[in-house]
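S.K.: Quick one: sequence plus predicted model below, questions after.
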Amino acid sequence: MDLFGSIFSPYCARVALAARFKGAKFNLGPAPGGGYKSPEFLKLNPLGKVPTLKDGKTVVYESGVIVEYLEAKFKKKPLVPKNAKAAAQARMIAAVVGEYVQGALGKLFVHMAPNRDKVAVDAVLAEINKFLDIAEQVIVAKPYAAGAKFTIADVYAVPTLGFASLFMPLFGVDRPLGNRKKLGRYMAKAKKDKLMGTLLKDMKVSFQAWQKSKAA
Ligand SMILES: N[C@@H](CCC(=O)N[C@@H](CS)C(=O)NCC(=O)O)C(=O)O
């Protein structure tokens, strides 16, 4: 399988984490044809976005859809608990972090310019903090996001919380998780975990390369 995108993107990282957990082999690389909006790439994904997965003749885009595709194709190591209540709980944690925290974080991108609008940035930071507070309420962190097992909740939580730790310092926030105990405990454990820790390291390397390329 070919996965187009960069692992620094939390959307790509969630797909990479799901695939790695399942032991599904994939090559990660840039969008073909020279970029997200190249005619060659738009033929694969008319939205011109990464991640996009090519599995033989099958093309799948939108990170959530790709994760579900992997879940359906590689059934041996499920990400979604069988029990309805446990499945809903894992998906709710994934939604809070992957949609709400991540959605608010994404709003920082337009404020990358050095002469940024402080009032607007502070409003986005307040929104991120509001959703991080909700994430702190819902995450289980014993030790995984939804409890004793790695689930779809981790697939969404680790990339977004890792991205927050890399990206928010650019906006003067050095400890994005602040004093939120469960989130702090969760990420400390994730860093030591082989699967999640490797992903976080890969994201950091990719983030640093992105920053270097911007500075050049
Ligand atoms: N809803 C999409 C979001 C993906 C997304 O926004 N990807 C960014 C990279 S982090 C992208 O491709 N941006 C290029 C663009 O929007 O033109 C998903 O879950 O896959």
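M.R.: Arrived safely. Residues are numbered from 1 along each chain as shown.
S.K.: Can you list the buried residues in the lowest-mean-pLDDT helix or strand in the chain?
M.R.: Between all helices and strands in the chain, the lowest mean by mean pLDDT, DSSP states H and E belongs to helix 194-215, at a mean of 94. By neighbour count, with 16 or more other Cβ atoms under 10 Å as the criterion, the buried positions of helix 194-215 are 196, 199, 200, 202, 203, 206, 207. Every residue, glycine included, has its C-beta placed from N, CA and C.
S.K.: Also stretch 65-83?
M.R.: Taking 16+ other Cβ under 10 Å as the basis for neighbour counts, the residues of stretch 65-83 that come out buried are 66, 67, 68, 69, 70, 71, 74, 79, 80, 81.
S.K.: ok, now stretch 36-56?
M.R.: Along stretch 36-56, the positions that meet the burial threshold by neighbour count (16+ other Cβ under 10 Å) are 36, 41, 44, 45, 49, 50, 51, 52, 53, 54, 55.
S.K.: Next one, pLDDT for the fifth one please.
M.R.: Just to be clear, that refers to residue 49. With respect to pLDDT, residue 49 has a value of 98.
S.K.: Tell me if it really is in a helix.
M.R.: No - according to DSSP: H, G, I helix; E, B strand; the rest coil, residue 49 belongs to no helix; its state is coil.
S.K.: Quick one: end-to-end distance for stretch 55-72.
M.R.: Looking at stretch 55-72, the gap from its leading to its trailing residue is 13 Å under the measure Cα to Cα, to the nearest Å.
S.K.: How about stretch 140-151?
M.R.: Criterion Cα to Cα; first-to-last residue distance in stretch 140-151 is 12 Å.
S.K.: Could you do stretch 98-106 as well?
M.R.: The stretch stretch 98-106 measures 11 Å between its terminal residues, going by Cα to Cα.
S.K.: That one: which residues count as buried?
M.R.: Buried residues in stretch 98-106, counting neighbours by 16+ other Cβ under 10 Å, are found at 98, 100, 101, 102, 104, 105.
S.K.: neighbouring contacts of stretch 11-25?
M.R.: If you take Cβ atoms under 8 Å, 6 or more residues apart in numbering as the criterion, stretch 11-25 is touched by 1, 3, 5-7, 26, 28, 50-51, 53, 63, 66-67, 70-71, 73-74, 76-77, 79, 98, 150, 152, 154-156, 158-159, 162-163, 195-196, 198-199, 202-203.
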